[in-house]
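A.B. asks: can you look at this prediction? I've put the sequence above it.
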Amino acid sequence: MQTKLIRGILLILGFFSLSLGLLGILLPLLPTTPFLLLAAWLFFRSSPTAYQWLLNNKFYGEYIKAFIVHRAIPLKAKIVSITLLWVTITCSALFLIPFFWIKMLLFAIAIGVTIHILSYNTQKRV
């Protein structure tokens, strides 16, 4: 009974983490990769079916597999991530944020995230 309850909680947390990861694709300050990896770990612990579904997903399954196995990010994912990050940060800073110090904070965060993304190996084509 307790094991089933724990697996159910982990499964729910896995879908919550997956949801946050998917939101992170659209929101530049919400990280995508950590939430997708957390979802993979939670699914691995709770549901082999959900875990296989996540790894076989046509949109982000290969991305997760590459990161788990090689600690690498595909070049296309790096380019898309950094481009979307800078476009949304720049548009927000120029058109939405009235305070100079918040604009500078956004650009500092963008620089940090860019450095973090670039610090990972680039996945080689197999």
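C.D. replies: Received it, and whenever you're ready, just let me know what you need. Residues are numbered from 1 along each chain as shown.

A.B. asks: helices of this structure, start to end?
C.D. replies: Taking DSSP state H to define them, one finds helices in the chain at 2-26, 33-46, 48-55, 61-70, 75-91, 100-119.

A.B. asks: so of the ones you listed, which one's packed in deepest?
C.D. replies: helix 33-46 (a mean of 20; mean count of other CB atoms under 10 Å). C-betas here are computed from N, CA, C, even on glycine.

A.B. asks: packing partners for it?
C.D. replies: In terms of contacts (3 or more CB pairs under 8 Å, 6 or more residues apart in numbering; DSSP states H and E), helix 33-46 is packed against helix 2-26, helix 48-55, helix 61-70.

A.B. asks: which strands or helices does the last one pack on?
C.D. replies: Same thing as helix 61-70. helix 33-46, helix 48-55, strand 72-74, strand 121-123.

A.B. asks: in PDB, list the C-alpha atoms belonging to it.
C.D. replies: What follows is helix 61-70 as a C-alpha-only set of coordinates in PDB (Å, rounded to 0.1, in the frame of the first residue of the first chain):
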ATOM      1  CA  GLY A  61      13.000  12.400 -26.100                       C
ATOM      2  CA  GLU A  62      16.300  12.400 -28.000                       C
ATOM      3  CA  TYR A  63      17.300  15.600 -26.100                       C
ATOM      4  CA  ILE A  64      16.700  13.900 -22.700                       C
ATOM      5  CA  LYS A  65      18.500  10.700 -23.800                       C
ATOM      6  CA  ALA A  66      21.500  12.700 -25.000                       C
ATOM      7  CA  PHE A  67      21.700  14.600 -21.800                       C
ATOM      8  CA  ILE A  68      21.300  11.500 -19.600                       C
ATOM      9  CA  VAL A  69      23.900   9.400 -21.500                       C
ATOM     10  CA  HIS A  70      26.400  12.000 -22.800                       C
END
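
A.B. asks: leaving out the residues flanking it, which one is nearest to the most centrally placed residue in the chain?
C.D. replies: Against the mean C-alpha coordinate of the chain, by CA atoms, centre = their mean, the closest residue is Thr32 at 1.5 Å. Spatially, and ignoring its direct neighbours in sequence, Thr32 is nearest to Gly24 (3.6 Å; CB to CB, 6 or more residues apart in numbering).
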